[in-house]
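Peer 1: Please find the sequence and the predicted model below.
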Amino acid sequence: RTVYVNGEYLPETDAKISIFDRGFLMADAVYEVTSVLDGKLIDFEGHAVRLKRSLDALDMAEPCTKDELLDIHRKLVELNEINEGLIYLQVTRGSDGDRDFVFPSEDTAPTIVLFTQNKPGLADSPAARKGAKIISIDDIRWGRRDIKTVQLLYPSMGKMMAKKAGADDAWMIEDGYVTEGTSNNAYFVKNGTIVTRPLSNDILHGITRKAVLRMAEEAQMKIEERLFTIDEAKEADEAFTTSASAFVMPVVEIDGVALGDGTPGPIACRLREIYLEESRAAAV
Ligand code: PLP
């Protein structure tokens, strides 16, 4: 696999960053994940805008322009012959060659790394045809979940808790209300109305969320952005999650309770179809 590190395209085994890099020592880094379908980037613009927002929120410099970023994404897709897959982009505050809580001086170069994952079958996914089983867990993450940082330890632990419980993923709960999934936004559907938590610092502002809600509105579906409990979701007709890496993923079970007839619901399946079709058509 060819990866990109600070201006160079290299075999992954030759890529190097400093052991003092603040991404490694302090999780002082942000990231983006963009999906690739038909060898093209899905919603590159949305991811580039959110990257800038995350960098600004942390007073981090932009490592390159948006046009350069697009070129790097496209070149990696080409070099690695990705037809369906994902591109990960990580930007850290870099390093001035030692460990210190205080940020290094502003002229310290950020570290930028991109790598691809080849995922044939990402769109026509067996997992999506089956639907996901989820469990609920406490949300004990920090208070700025709207910034897409690489602090992914708790979400990783959440996935492991789900796995140990025989489920696929976890939804997190804070002050009695569902925040989001470990790596996706959460929704349920009751009597034809789609319910999801409103945007705030408590959740990541999903690029897929924005697109799917727009498409749902265009399809005359009813949407309520409000807080909801896990009990409400368990009594729903259907549920689903959204993310750049899994698009729209039907949820068929919550904490051992089957939703509807225990198979992917019609609204989730319809939204997945619409999302794939429209985002493919708009891919760059
Ligand atoms: N929420 C969290 C915590 C995430 O990690 C992600 C994706 O990684 C999402 C939501 C979905 O965001 P997007 O649709 O931009 O992938």
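Peer 2: That came in fine, so what should we check first? Residues are numbered from 1 along each chain as shown.
Peer 1: ok, the residue of the stretch 1-150 of the chain found nearest the ligand - contacts?
Peer 2: For the stretch 1-150 of the chain, the residue closest to the ligand is residue 33, as judged by CB to the nearest ligand atom, at 5.8 Å. C-beta: built from backbone N, CA, C; applies to glycine. For residue 33, the contacting residues are 47, 86-89, 244-245, by CB atoms under 8 Å, 6 or more residues apart in numbering.
Peer 1: in the stretch 51-200 of the chain, what residue is nearest the ligand?
Peer 2: residue 183 (3.9 Å).
Peer 1: what residues are up against residue 159?
Peer 2: Going by CB under 8 Å, 6+ apart, residue 159 touches 169-170, 182-183.
Peer 1: Over to residue 276?
Peer 2: 37, 123, 247.
Peer 1: Write a PyMOL command that selects only the buried members of the contacts of residue 159.
Peer 2: Remark: buried members of the contacts of residue 159, expressed as a PyMOL selection using 16 or more other CB atoms under 10 Å:
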select buried, resi 169+170+182+183
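Peer 1: of all the contacts of residue 159, which two lie farthest apart?
Peer 2: 170 and 183 (9.8 Å; CB to CB).
Peer 1: what does the stretch 1-150 of the chain put close to the ligand?
Peer 2: Counting by CB under 6 Å from any ligand atom, the residues of the stretch 1-150 of the chain close to the ligand are residue 33.
Peer 1: What are the boundaries of the helices in the stretch 1-150 of the chain?
Peer 2: Assigned by DSSP state H, counting those that start in this stretch, the stretch 1-150 of the chain shows helices spanning 22-26, 44-57, 66-79, 126-130.
Peer 1: Between those helices, which one is closest to residue 252.
Peer 2: helix 126-130 (7.5 Å).
Peer 1: For the closest one, buried residues please.
Peer 2: For helix 126-130, a neighbour-count test (16+ other CB under 10 Å) marks residue 128 as buried.
Peer 1: What of stretch 159-169?
Peer 2: In stretch 159-169, counting by 16+ other CB under 10 Å, buried: 159, 161-162, 167-169.
Peer 1: Inside strands: which ones of those?
Peer 2: In strands, defined here by DSSP state E, the members of these are residue 169.
Peer 1: among the buried residues of stretch 159-169, which two are most distant?
Peer 2: Applying CB to CB across those, the maximum distance is between 161 and 168, 11.5 Å.
Peer 1: Find the residues that touch each one of those two.
Peer 2: Residues touching both residue 161 and residue 168 by CB under 8 Å, 6+ apart: none at all.
Peer 1: and the helices of the stretch 1-150 of the chain, which is most packed in?
Peer 2: Among those, helix 22-26 has the highest mean neighbour count (mean count of other CB atoms under 10 Å), at a mean of 19.
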